[in-house]
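K.L.:
please work out how this folds:
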Amino acid sequence: MEKSTERFPLAHVFGFVMSLVLTFVAAWVALEMNLSFTIVMWIIGTLAVIQAGLQLYMFMHMTEGEDGKVNIINIAFMVFCAVVIVVGSIWVLTSGHAAH
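P.N.:
Numbering: from 1, shown residues only. Predicted coordinates for the structure are as follows:
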């Protein structure tokens, strides 16, 4: 019988704890800080991007694989699709009132 070489997933636990910390910091900024709405949205957006990057690195195995270029191309395409969807949605929703 082979010995199991699996260890405790310390990196996954660290990623999970950091995601929770970023989420609680965002909630604290939104609920307790007495800042303007724009500044709060920028802080929450920045924390969200950091958390997304952390989760891609820790949980989606972005550093694994034979060729790292494929992962970068996939991420770039995903970012492009997300930007097109968000900007397109905002454009359609804000310009729709002019047609009626």
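
K.L.:
make it CA atoms for all contacts and neighbour counts henceforth
P.N.:
Fine.

K.L.:
start to end distance for stretch 59-78?
P.N.:
One end of stretch 59-78 sits 17 Å from the other (C-alpha to C-alpha, to the nearest Å).

K.L.:
name the residues of the lowest-mean-pLDDT helix or strand in the chain that are buried.
P.N.:
Least confident element among the helices and strands of the chain, by mean pLDDT, DSSP states H and E: helix 68-95 (a mean of 87). Across helix 68-95, burial judged by 16 or more other C-alpha atoms under 10 Å covers N71.

K.L.:
helices of the chain, start to end?
P.N.:
With DSSP state H as the criterion, the chain has helices at 10-32, 37-58, 68-95.

K.L.:
then the shortest one to CSV, C-alphas only?
P.N.:
These are the backbone C-alpha positions of helix 37-58, laid out as CSV (Å, rounded to 0.1, in the frame of the first residue of the first chain):
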residue,chain,number,x,y,z
PHE,A,37,-20.5,57.2,-1.2
THR,A,38,-18.0,57.5,-4.0
ILE,A,39,-15.0,56.8,-1.8
VAL,A,40,-16.8,53.9,-0.1
MET,A,41,-17.5,52.4,-3.6
TRP,A,42,-13.9,52.8,-4.7
ILE,A,43,-12.6,51.1,-1.5
ILE,A,44,-15.1,48.2,-1.8
GLY,A,45,-14.3,47.8,-5.5
THR,A,46,-10.6,47.7,-4.8
LEU,A,47,-11.0,45.1,-2.1
ALA,A,48,-13.2,43.1,-4.5
VAL,A,49,-10.5,43.1,-7.1
ILE,A,50,-7.9,42.1,-4.6
GLN,A,51,-10.1,39.3,-3.3
ALA,A,52,-10.8,38.0,-6.9
GLY,A,53,-7.1,37.9,-7.6
LEU,A,54,-6.4,36.1,-4.3
GLN,A,55,-9.1,33.5,-5.1
LEU,A,56,-7.7,33.0,-8.6
TYR,A,57,-4.3,32.4,-7.2
MET,A,58,-5.2,30.3,-4.1
